[in-house]
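K.L.:
here are the coordinates; sequence isn't available:
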């Protein structure tokens, strides 16, 4: 029974699909609340009502990394690095994710 509960909770948490091109292979299920709390841009996206956000031309792996920084449970376990700070800063600037943007800028200054 506990596995049923876990599946149900997971389904509730991953309530919106982010699509990067026309193939299902690049569709990532995420929590709309996490996106909307982190970014006023995602909050205003009308596609969220349809449970699908289109991000054509964006890198799905970069998005996965961004989401790992935004999730409440694991976000503080993530660390900025030379490998991820540049693309994270671009995402943060484009989607107005101010707290993480400030962290990226501070990392670059150091």
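P.N.:
Sure, I can see it. Predicted model, so just to flag it, every value in this text is computed and none were measured. Numbers count the residues shown, from 1 in each chain.
K.L.:
the residue nearest the centre of the chain and residue 109, how far apart?
P.N.:
The centroid of the chain falls nearest to residue 67 when counting by C-alpha atoms, centre = their mean (3.1 Å). Distance, residue 67 to residue 109, using C-beta to C-beta, to the nearest Å: 25 Å. For every residue, glycine as well, the C-beta is placed using N, CA and C.
K.L.:
kindly report the same for residue 42.
P.N.:
Taken as C-beta to C-beta, the span from residue 42 to residue 109 is 27 Å.
K.L.:
looking at these two now, which is surrounded by more residues?
P.N.:
For residue 42 and residue 109, the more surrounded residue by other C-beta atoms under 10 Å is residue 42, and the numbers stand at 21 against 6.
K.L.:
I figured that one was touching residue 95, is that so?
P.N.:
Yes: using C-beta atoms under 8 Å, residue 42 is in contact with residue 95, at 6.4 Å.
K.L.:
what number of residues lie near the residue nearest to residue 38 when sequence neighbours are not counted?
P.N.:
Leaving aside its chain neighbours, residue 38 sits nearest to residue 70 (4.7 Å; criterion: C-beta to C-beta, 6 or more residues apart in numbering). If you count neighbours by other C-beta under 10 Å, residue 70 ends up with 19.
K.L.:
mind listing what residue 70 touches?
P.N.:
In this structure, residue 70 makes contact with 34, 35, 38, 97, 100, judged by C-beta atoms under 8 Å, 6 or more residues apart in numbering.
K.L.:
can you check residue 99 too?
P.N.:
Applying C-beta under 8 Å, 6+ apart, no residues qualify as near residue 99.
K.L.:
what distance do you get for it to residue 59?
P.N.:
For residue 99, the distance to residue 59 - C-beta to C-beta - is 22 Å.
K.L.:
now do the phi/psi pair for residue 16.
P.N.:
Dihedral pair for residue 16: phi -140, psi 140, per degrees, to the nearest 10.
K.L.:
okay, now it: neighbour count?
P.N.:
Neighbour tally, residue 16, other C-beta under 10 Å: 22.
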